[in-house]
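S.K.: Pasting the sequence and the predicted model now:
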Amino acid sequence: MQSESLPPSRRDKKSLWTGALRRPCGGAAAVLCAALALGGCANLGGSQEPKVSAATETTKPSPEFLQLAQKALADNRLADAERLVDRVLLTEPNDLEARLLRGEIMLAKGKPNQAMAVFSGLQELPEVSARARQGMGISLLLTDSPDAAVEHLKAAVDQDPKLWRAWNALGSYYDTKEDWAEATKAYDSALAEHPNDAMILSNRGFSYFMQGHVDQAIADMERSLRLDPSSKPTQINLRLAYAWNGQYVRALAGVSDKEMPEMLNNVGYVAMMRGDLENAEAYLMRAMEEDPAFNRKAWANLAHLRQIRELNAEGAGRPPATPRDITAAVTGK
């Protein structure tokens, strides 16, 4: 059974992003980096390493240009970051840090294939190999190539265990495989190197939720929102976790009038999944009362609720639901 109404949860690819597009101290999720597998980029749809744009000045830029580019990227001023990196590369085309940063910029711009084209030429160079492999792995996750991605991510942390971005991406990968022990280990390693990061806490909280460790999930998500109150996926996932714990009122606290019909439906759906059919029906009915346009979704869930009651009445029963069933409804798995 699949609810039509549960909103997209943490399975937003931005939840992998980390490092390039970061707000200072508790900002939203950062951006994935990338690095192509061995042998260049011929199989990336013709992507080639982006050409350095022409500049009006050909004098050698000062080292501060790279620092300014890094700050521009951290502030999400991508055009400024790209312009500054291009100035460095115009006179220093083999500057490894500048090339690495260009790959980060491509990721921040949502162009993982172009980022991989950049990183493909860097992953065998000892000075930047670990970071390039980290970027490659994250880019491959963004392009839905998880099995190839994990090889690069593991190689990255083997070379440099402090690469928290790679650890976070590995956690997301292991979540998809339901390898919960490895997922938790990866997120713990990421937080050990980058503590109090809202995005990693949110990811680990979602992982705990899928594992059925709802109290731990709530603790991580609450902490994440204290660091980044604006994170919509974390807000939604925390409300689902409250609902799974039977804290329905808390799940609905602070919901806007506009979002209330959908959230009522979601709470009703979660209540139904945990076997609380009486409250499930009440919240689904309230969803329809709040917004008649929402009837189709709520009615679909009510129809399923009636089927569950009929099965229970006939003694057929059903397997106990878990939080993973909710995420399956969201992702269609």
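M.R.: Okay, I see it. What you see is a predicted model; the values in this text were computed from it and never measured.

S.K.: can you tell me the helix or strand for residue 225?
M.R.: Using DSSP states H and E, residue 225 sits within helix 214-227.

S.K.: For stretch 92-101, what does the pLDDT average out to?
M.R.: Average pLDDT, stretch 92-101: 92.

S.K.: rewinding a little: who are the packing partners of the helix holding residue 225?
M.R.: Counting contacts by 3 or more Cβ pairs under 8 Å, 6 or more residues apart in numbering; DSSP states H and E, helix 214-227 is packed against helix 198-211, helix 232-244. Just so you know, the C-beta spots here come from the backbone N, C-alpha and C atoms, and that holds for glycine as well.

S.K.: what's the spacing between the closest residue to residue 208 other than its chain neighbours and residue 192?
M.R.: Leaving aside its sequence neighbours, residue 208 sits nearest to residue 217 (Cβ to Cβ, 6 or more residues apart in numbering; 3.9 Å). Residue 217 sits 19 Å away from residue 192, going by Cβ to Cβ, to the nearest Å.

S.K.: okay, now residue 296: neighbour count?
M.R.: Per other Cβ atoms under 10 Å, the neighbour tally for residue 296 reads 10.

S.K.: which stretches of the chain aren't confidently modelled?
M.R.: Residue ranges of the chain with pLDDT under 70: 1-62, 294-295, 313-320, 325-333.

S.K.: about what we covered before: next, the angle from the helix holding residue 225 to helix 198-211.
M.R.: 160 degrees (axes from the mean of the first three to the mean of the last three Cα atoms, to 10 degrees).

S.K.: export helix 214-227 as CSV, just CAs?
M.R.: Output of helix 214-227 as CSV, limited to C-alpha atoms (Å, rounded to 0.1, in the frame of the first residue of the first chain):
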residue,chain,number,x,y,z
VAL,A,214,12.2,6.3,17.0
ASP,A,215,13.4,8.0,20.2
GLN,A,216,16.9,8.3,18.9
ALA,A,217,15.6,9.6,15.6
ILE,A,218,13.6,12.3,17.4
ALA,A,219,16.6,13.3,19.5
ASP,A,220,18.8,13.7,16.4
MET,A,221,16.1,15.6,14.4
GLU,A,222,15.3,17.9,17.3
ARG,A,223,19.0,18.7,17.6
SER,A,224,19.3,19.2,13.9
LEU,A,225,16.4,21.7,13.8
ARG,A,226,18.0,23.7,16.7
LEU,A,227,21.0,24.1,14.4
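
S.K.: Would you enumerate the residues in contact with residue 204?
M.R.: 171, 184, 187-188, 191, 220 (Cβ atoms under 8 Å, 6 or more residues apart in numbering).

S.K.: change it to 6 Å
M.R.: Counting by Cβ atoms under 6 Å, 6 or more residues apart in numbering, residue 204 touches 187, 220.

S.K.: which of the helices and strands packed on helix 214-227 is buried the deepest?
M.R.: helix 198-211 (a mean of 26; mean count of other Cβ atoms under 10 Å).
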